[in-house]
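Enquirer: Fold the following for me, if possible:
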Amino acid sequence: MARMRQPRFKLCRRLGLNVIGHPKAMNRAGNGQSRADKKLSYYGMQLLEKQRLKAYYGVLEKQFGKYVDQAIKSKDVSGDALVKILERRLDNLVYRMGFGSTLSQARQMVSHGHITVNGKKVNIPSYIVNVGDRIELKEKSRGIQLFADNFKANKDFSLPYISKDTDNFSGTLVSIPNREDIPIQIDTQLIIEWYSK
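Expert: Numbering: from 1, shown residues only. Take a look at the predicted model:
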């Protein structure tokens, strides 16, 4: 499984944005000057936004390029389409639903076979979930205290495109997410422009 391996807090400080969602990630951000704080050229701004979005979803360059191609070919606004595709990745939805406390933990849960989609085990983090698909923690895995605690601790968190069933350790993608509902701070148009050169 290809994944980013650099220190996560250092990555957040370099990008000038908490892309991993950890509450302490930006604690030392004021100690040095991040790339985001420097005066950037337009090209530099495009590159920074691309790196931020890749880091948000933990996607490497080759796979990210494929998602951009899909987004450009779609009928939707390319930048919005790109984020909607990334948001529907299985590892991301497992994280959004609260099974994992971080995206990397959610990805590991998927890879190790703890998650089912519509009752079938899926161990591919990049699997694209369709509207109406039910994501569930396997019966055997519900006995793992960490997973149960994560899910129950996050029961009040909600997004309009996800419904959660706390009692049954499951959630459903109820609709394609609208761009304004996705909780990330990225100017996607800059990314599409970078790839359109």
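Enquirer: shouldn't Ile182 be in contact with Val83?
Expert: Yes - using CB atoms under 8 Å, Ile182 is in contact with Val83, at 5.6 Å. (Glycine included, C-beta is placed from N, CA and C.)
Enquirer: of the two, who's got more company?
Expert: Shown here are Ile182 and Val83; by other CB atoms under 10 Å, Val83 has more neighbours (21 against 18).
Enquirer: mind listing what the more buried one touches?
Expert: Val83 makes contact with 53, 179, 182, 184, 186, 188, according to CB atoms under 8 Å, 6 or more residues apart in numbering.
Enquirer: Now go through those residues and say which are in helices.
Expert: Counting by DSSP state H, the contacts of Val83 place 53, 188 in helices.
Enquirer: got the residue ranges for the strands in this protein?
Expert: 115-117, 120-121, 134-137, 162-165, 170-173 (DSSP state E).
Enquirer: For the second one, which strands pair with it and how are they oriented?
Expert: Yep, that's strand 120-121 we're talking about. Applying DSSP bridges, strand 120-121 is found paired with strand 115-117 (antiparallel).
Enquirer: Buried residues in the partner strand, which are they?
Expert: Neighbour counts over strand 115-117 (16 or more other CB atoms under 10 Å) mark 115-117 as buried.
Enquirer: For the residues you listed, could you give me a markdown table that also reports distance to Gln63?
Expert: Putting those into a markdown table (distance: CB to CB, whole Å) gives the following:
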| residue | distance to Gln63 |
| --- | --- |
| Ile115 | 20 |
| Thr116 | 23 |
| Val117 | 20 |
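Enquirer: Give me the distance between the residue nearest the centre of the chain and Ile191.
Expert: Centroid-nearest residue in the chain: Tyr57, 3.6 Å away (criterion: CA atoms, centre = their mean). Distance, Tyr57 to Ile191, using CB to CB, to the nearest Å: 12 Å.
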